[in-house]
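*Asks:* here's a sequence, model it:
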Amino acid sequence: MWKLLARCALGALASIAMWIIVRASAAALAVALVLVGCVPTTSPTSPAPRPSTTPVFATDAEALAAATKAYAAYVRVSDEILADGGNNPERIEQVASGEALDGALAGYSDFRQRGLHSVGDSKVGHVSLQKFSPESVSGKNLVTIYACLDVEGVDVLDQTGTSVVSTQRPPRQTFQVSVDWRESKQQLFVTSRNPWVSGGICEKK
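*Replies:* Model (predicted):
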């Protein structure tokens, strides 16, 4: 199963969360491939350039805090859509753009078609700064972080109320998350969200 997920992470469309690993039946495996957290590798469209070269954030710490807040907002809205069975997916546009938005919408559509819904909330745990590019006048890939997502309290149910989450699902997963600054909104948007398997972010306290 892990080899399948690894292959998916390299080539499949982006999805909602790496945390849902469904039991191995033909239909369940299809859901797993959508929900495993794979994202496309193409670069997101750049937002309009900012009129000034003044950095959005003055320090690494400020950039990390803002990116963490932006990702937490993404997770919260995504949880709400999943709890609603994938309905009204356009809500994610408030917090995501580019490939992160495209992947999320595709995942919500599959979630809805399969009659699934989630219960419980995901939690953003330990985070660390991977890159801050204050010279990014366009706001593209302004901040990239590693973030631990805790889904121990989250379940996914089918239309009969039966859980489709494997007992082997890891309770925490690490993602590499990039955010862009959109001047018109004065806001950071999550633009990419990739599984990160080589770090130990979730083991840090």
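*Asks:* give me the longest helix you can find in this protein.
*Replies:* Longest helix in the chain, counting residues (DSSP state H): helix 60-83.
*Asks:* helices and strands around that helix, which ones?
*Replies:* If you count contacts as 3 or more Cβ pairs under 8 Å, 6 or more residues apart in numbering; DSSP states H and E, helix 60-83 packs onto helix 98-113, strand 117-119, strand 123-132, strand 143-150, strand 172-182, strand 187-195. C-beta here means a position set from N, CA and C on the backbone, and glycine is covered the same way.
*Asks:* give the pairing partners of the second one; include direction for each.
*Replies:* The reference is to strand 117-119. Taking DSSP bridges as the criterion, strand 117-119 forms sheet pairs with strand 155-157 (antiparallel).
*Asks:* ok, back up a step: quick one: closest of the helices and strands packed on helix 60-83 to Val56.
*Replies:* strand 172-182 (5.1 Å; Cβ to Cβ).
*Asks:* for the closest one, buried residues please.
*Replies:* Residues of strand 172-182 classed as buried: Arg172, Gln173, Thr174, Phe175, Gln176, Val177, Ser178, Val179, Asp180, Trp181, Arg182 (neighbour count, 16 or more other Cβ atoms under 10 Å).
*Asks:* each with direction, which strands does it pair with?
*Replies:* strand 143-150 (antiparallel), strand 187-195 (antiparallel).
*Asks:* could I get those as TSV with distance to Ala73 and mean pLDDT?
*Replies:* Listed next are these as TSV, based on distance: least, Cβ to Cβ, whole Å; pLDDT from 0 to 100:
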stretch	distance to Ala73	mean pLDDT
strand 143-150	12	97
strand 187-195	8	96
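*Asks:* of all those, which one comes closest to Gln94?
*Replies:* strand 187-195 (8.8 Å).
*Asks:* starting at the chain centroid, how far to the closest one?
*Replies:* 7 Å (Cα atoms, centre = their mean, to the nearest Å).
*Asks:* stretch 75-88 now?
*Replies:* Computed by Cα atoms, centre = their mean, the chain-centroid distance of stretch 75-88 equals 12 Å.
*Asks:* give me the residues contacting it.
*Replies:* With Cβ atoms under 8 Å, 6 or more residues apart in numbering as the test, stretch 75-88 has contacts from 16-17, 89, 91-92, 94-95, 104, 108-113, 115-119, 121-124, 149, 154, 156.
*Asks:* give me the distance from stretch 142-157 to the chain's centre.
*Replies:* With Cα atoms, centre = their mean, you get 7 Å for stretch 142-157.
*Asks:* mind listing what's buried in that stretch?
*Replies:* 142-151, 154, 156-157.
*Asks:* kindly export the longest helix of the chain (C-alpha atoms) in CSV.
*Replies:* Below are the C-alpha coordinates for helix 60-83, written out as CSV (Å, rounded to 0.1, in the frame of the first residue of the first chain):
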residue,chain,number,x,y,z
ASP,A,60,11.8,35.0,9.2
ALA,A,61,9.8,34.7,12.4
GLU,A,62,7.1,37.0,11.1
ALA,A,63,7.0,35.1,7.8
LEU,A,64,6.7,31.8,9.6
ALA,A,65,3.9,32.9,11.8
ALA,A,66,1.9,34.3,8.9
ALA,A,67,2.4,31.2,6.8
THR,A,68,1.4,29.0,9.7
LYS,A,69,-1.8,31.1,10.1
ALA,A,70,-2.6,30.8,6.4
TYR,A,71,-2.1,27.1,6.4
ALA,A,72,-4.3,26.7,9.5
ALA,A,73,-7.0,28.6,7.7
TYR,A,74,-6.7,26.3,4.7
VAL,A,75,-7.0,23.2,7.0
ARG,A,76,-10.0,24.7,8.8
VAL,A,77,-11.9,25.5,5.6
SER,A,78,-11.0,22.1,4.1
ASP,A,79,-12.3,20.3,7.2
GLU,A,80,-15.6,22.2,6.9
ILE,A,81,-16.0,21.2,3.3
LEU,A,82,-15.2,17.5,4.0
ALA,A,83,-17.6,17.5,6.9
